[in-house]
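Student: when you get a sec, could you give me coordinates for this:
(one chain, ligands or ions: 2)
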Amino acid sequence: MPSRVYEHPFDEWDPVTKTMSPPPDESVEEMEARVQLELEARKVSDAIDEDLNEQRAAEKRGPKPVRVLLLGQSESGKSTFLKNFQLIHNPKAFSAERLSWRIVILYNVLRSIHIILDAMTHPSPAQPRSRGPVKEGTSSSSSPLSGEISLPDLHDLDPELLEIRSRLAPLAQVEDLLARQLTPLDYSEVGTTQLAPVYPIKQNPTELVVNSTVNWKQRFDRLVGRDSSDSERMIDWNDPNDPGKVIHTCGKDMIRLWNHPLVQQMLEKQNLRLEEMAGFFLDSLHEITADRYLPTNDHILRARLKTLGVSEHRVRVNAGSDLGNDWRIFDVGGHRSLRSAWAPYFDNMDTIIFLAPISAFDQVLAEAPKVNRLEDSVLLWTSIAANKILQHTDLILFLNKCDLMTAKLASGIKLKDYVVSYGNRPNDFENITNYLRKKFAGVLKENSPIARTFYCHYTSVTDTLSTQKVIATLKDTVMRDSLKHSTLLI
Ligand SMILES: Nc1nc2c(ncn2[C@@H]2O[C@H](COP(=O)(O)OP(=O)(O)OP(=O)(O)O)[C@@H](O)[C@H]2O)c(=O)[nH]1
Ligand SMILES: [Mg+2]
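Tutor: Ligands and ions are numbered 1, 2, ... in the order given. Here you go, the predicted model:
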């Protein structure tokens, strides 16, 4: 059957048609094969169109889905909140992803070990906290630091550490393999988490990212040779390519390294607070390096995988009635370079949940080492509040990472050293969170094009119990507002 190319002589001037045209010397067999392929492609395309039409028709018939957009800077807890939401509303699907998260957790561990070994090899001088925003774990190794190095060259001094270090060398291959296979090819993280290589490999341990345009979980499944829709019992523990094997073998040395007094001393002197880093698991090494390790729900919630792009997640929510059962949650990447991708999703959202990690008041952005993270959250909140397209969208603020905030204040870190306007008010959780709450409320009031209600929750989204309560309140708020909007639209 001749294609449309030959029916319309003018088409040959069209560059698209020209590129799509068959080669002039195409044989009859080639032509038949091509036409067959085109027919099959058309069938697939028609089936997709049909599905989409059906979906749209179903959406028109049924109650309107609730659309929620998660916003906030990188590491604010957006994806973690989504995970917790899925755990609460669809625990089966959450469990089906356990094997995929296992790989991420193993990578998170390798990254922390890498940072320790790197700090041993290239010690950096400490930065006193009182001189302004201190470095964040992920960005610290990339920021050039000045000053005298007063540390002893630990690996030269301590033969035990030297031995441990050489026994941990095989971890390099595993880390390299995971990083190369799991980081999208077109992704470069300039100036963020690049660390100097510590092992004899060329690969830098950049953060793992999840790209919304690829099904990362399937990529992990291919790595472990399994389909994660199988239950976790289906894992092949004898698979020689399973990265857990090497990690188990190196487990004792990893634990020795992390608990070594000289290492702790060195990290403290360099002000490398690994505990504050996203994806910190070194205190759980016993469990994670155990043979046949499978992550607990808590581990999955603490796993760190940076988001790229925007992804839509459908969750069935038991809202007590048909209305509002179907939630569409949109998760975005919060890194500065990814924020321009948010705007196209502003239309047609019922609610925005904005996460501000308040414990980050003494940290800087990984991508902009001069920008305080709390300040960045306030500026971001200001621009969201002032956005005209969003003027009818409800904003719900999560002052997140309250657990880390409590721990930080208990360790003696003072807000006034970073937020001068806090002055001499008491440095306790209640006073500080009240202050921050008022600050964000004031920004909303001053910047909203039209008056809005200020909804605010103190959250620790890694904690399932407290998040469950927040979600219950959230459902009421979102449902009420969604109803209000649909009434307004009628
Ligand atoms: N302790 C504690 N950790 C948290 C909390 N919220 C998030 N985290 C951890 O912080 C890290 C970053 O969280 P994510 O949810 O990946 O952050 P995100 O906002 O999605 O970041 P991007 O994808 O880069 O935009 C993860 O390791 C989480 O487990 C919290 O309330 N408390
Ligand atoms: Mg994310």
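
Student: could you measure from whatever residue of the stretch 251-400 of the chain ends up closest to ligand 2 over to residue 79?
Tutor: With CB to the ion, the shortest gap between the stretch 251-400 of the chain and ligand 2 falls at residue 307, namely 3.1 Å. Every C-beta, even on glycine, is put in place using the N, C-alpha and C of the backbone. To residue 79, residue 307 is 5 Å away according to CB to CB, to the nearest Å.

Student: hmm, back to that, how close does the residue of the stretch 251-400 of the chain closest to ligand 2 sit to residue 313?
Tutor: On the measure of CB to CB, residue 307 and residue 313 end up 11 Å apart.

Student: ok, residue 410 next?
Tutor: Per CB to CB, residue 410 is found 35 Å from residue 313.

Student: more neighbours: which of the two?
Tutor: The neighbour comparison of residue 410 against residue 313 (other CB atoms under 10 Å) goes to residue 313, with 18 against 10.

Student: strands of the stretch 1-150 of the chain, residue ranges please.
Tutor: For the stretch 1-150 of the chain, the strands defined by DSSP state E, counting those that start in this stretch occupy 66-71.

Student: show me where it has helices.
Tutor: Taking DSSP state H, counting those that start in this stretch, the helices of the stretch 1-150 of the chain run over residues 15-20, 28-61, 78-89, 91-96, 98-121, 137-140.

Student: mind putting those in JSON lines, mean pLDDT included?
Tutor: Shown next, in JSON lines, are those (pLDDT from 0 to 100):
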{"stretch": "helix 15-20", "mean pLDDT": "48"}
{"stretch": "helix 28-61", "mean pLDDT": "80"}
{"stretch": "helix 78-89", "mean pLDDT": "94"}
{"stretch": "helix 91-96", "mean pLDDT": "87"}
{"stretch": "helix 98-121", "mean pLDDT": "91"}
{"stretch": "helix 137-140", "mean pLDDT": "36"}
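
Student: with mean neighbour count and distance to residue 236 added, can I get those in JSON lines?
Tutor: JSON lines is the format used below for the helices of the stretch 1-150 of the chain (neighbours: other CB atoms under 10 Å; distance: least, CB to CB, whole Å):
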{"stretch": "helix 15-20", "mean neighbour count": "10", "distance to residue 236": "45"}
{"stretch": "helix 28-61", "mean neighbour count": "10", "distance to residue 236": "33"}
{"stretch": "helix 78-89", "mean neighbour count": "22", "distance to residue 236": "25"}
{"stretch": "helix 91-96", "mean neighbour count": "14", "distance to residue 236": "17"}
{"stretch": "helix 98-121", "mean neighbour count": "23", "distance to residue 236": "10"}
{"stretch": "helix 137-140", "mean neighbour count": "24", "distance to residue 236": "33"}
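
Student: so for ligand 2, which of those helices sits nearest?
Tutor: Closest among these, using CB to the ion: helix 78-89, at 3.1 Å.

Student: what does that closest one rub up against?
Tutor: By CB atoms under 8 Å, 6 or more residues apart in numbering, the residues outside helix 78-89 that reach it are 70-72, 93-94, 210, 297, 300-302, 305, 307, 313, 315-318, 329, 331-332, 334, 353, 355, 398, 400, 459, 461-462, 464, 467-468, 471.

Student: quick check on those residues: which are buried?
Tutor: Using 16 or more other CB atoms under 10 Å as the burial test, those include 70-72, 94, 210, 297, 300-302, 305, 307, 313, 315, 317, 329, 331-332, 334, 353, 355, 398, 400, 459, 461-462, 464, 467, 471 as buried.

Student: the residues you listed also near ligand 1: which ones?
Tutor: Subset of the buried ones among the contacts of helix 78-89 in contact with ligand 1: 72, 301-302, 307, 334, 400, 461-462, counting by CB under 6 Å from any ligand atom.

Student: so of those, which ones are in strands?
Tutor: 307, 400 (DSSP state E).

Student: just give me the closest of the ones next to ligand 1 among the buried ones among the contacts of helix 78-89 to residue 348.
Tutor: Of all those, residue 348 sits closest to residue 72, with 20.1 Å by CB to CB.

Student: tell me the phi and psi of that closest one?
Tutor: According to degrees, to the nearest 10, the main-chain angles of residue 72 amount to phi 150, psi 160.

Student: would you check that it makes contact with residue 333?
Tutor: No. With contacts counted by CB atoms under 8 Å, residue 72 stays clear of residue 333, the gap being 10.6 Å.

Student: now the strands for the stretch 151-300 of the chain?
Tutor: Using DSSP E, counting those that start in this stretch, strands in the stretch 151-300 of the chain cover 209-211.

Student: what residues does the stretch 251-400 of the chain put near ligand 2?
Tutor: Residues of the stretch 251-400 of the chain lying close to ligand 2 by CB under 5 Å from the ion are residue 307.

Student: show me where the stretch 251-400 of the chain has its helices.
Tutor: Taking DSSP H, counting those that start in this stretch as the criterion, the stretch 251-400 of the chain carries its helices at 251-259, 261-269, 285-288, 297-302, 373-386.

Student: now residue 462: closest residue in space that isn't a chain neighbour?
Tutor: Closest residue in space to residue 462, ignoring its immediate chain neighbours: residue 301 at 4.7 Å, by CB to CB, 6 or more residues apart in numbering.

Student: quick check: neighbours shared by residue 307 and residue 313?
Tutor: Common neighbours of residue 307 and residue 313 are listed as residue 331 (criterion: CB under 8 Å, 6+ apart).

Student: before we move on, the earlier item: format the helices of the stretch 1-150 of the chain as TSV; extra columns: distance to residue 160.
Tutor: As requested, the helices of the stretch 1-150 of the chain are exported to TSV (distance: least, CB to CB, whole Å):
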stretch	distance to residue 160
helix 15-20	65
helix 28-61	61
helix 78-89	37
helix 91-96	41
helix 98-121	12
helix 137-140	25
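
Student: who wins for proximity to residue 267 among those?
Tutor: Closest among the helices of the stretch 1-150 of the chain, once you apply CB to CB, is helix 98-121, at 6.6 Å.

Student: using PDB, write out every CA atom in that closest one.
Tutor: Output of helix 98-121 as PDB, limited to C-alpha atoms (Å, rounded to 0.1, in the frame of the first residue of the first chain):
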ATOM      1  CA  ARG A  98      10.900  -3.200  49.100                       C
ATOM      2  CA  LEU A  99      13.500  -4.800  46.900                       C
ATOM      3  CA  SER A 100      14.000  -1.600  44.900                       C
ATOM      4  CA  TRP A 101      14.500   0.400  48.100                       C
ATOM      5  CA  ARG A 102      17.000  -2.100  49.400                       C
ATOM      6  CA  ILE A 103      19.300  -1.200  46.600                       C
ATOM      7  CA  VAL A 104      18.900   2.500  47.300                       C
ATOM      8  CA  ILE A 105      19.700   2.000  51.000                       C
ATOM      9  CA  LEU A 106      22.800  -0.100  50.100                       C
ATOM     10  CA  TYR A 107      23.900   2.800  47.900                       C
ATOM     11  CA  ASN A 108      23.200   5.300  50.700                       C
ATOM     12  CA  VAL A 109      25.500   3.300  53.000                       C
ATOM     13  CA  LEU A 110      28.300   3.100  50.500                       C
ATOM     14  CA  ARG A 111      28.100   6.800  50.000                       C
ATOM     15  CA  SER A 112      28.500   7.500  53.700                       C
ATOM     16  CA  ILE A 113      31.500   5.100  53.900                       C
ATOM     17  CA  HIS A 114      33.000   6.800  50.800                       C
ATOM     18  CA  ILE A 115      32.700  10.200  52.600                       C
ATOM     19  CA  ILE A 116      34.500   8.800  55.700                       C
ATOM     20  CA  LEU A 117      37.300   7.300  53.600                       C
ATOM     21  CA  ASP A 118      37.600  10.500  51.600                       C
ATOM     22  CA  ALA A 119      37.800  12.600  54.800                       C
ATOM     23  CA  MET A 120      40.600  10.300  56.000                       C
ATOM     24  CA  THR A 121      42.500  10.700  52.800                       C
END
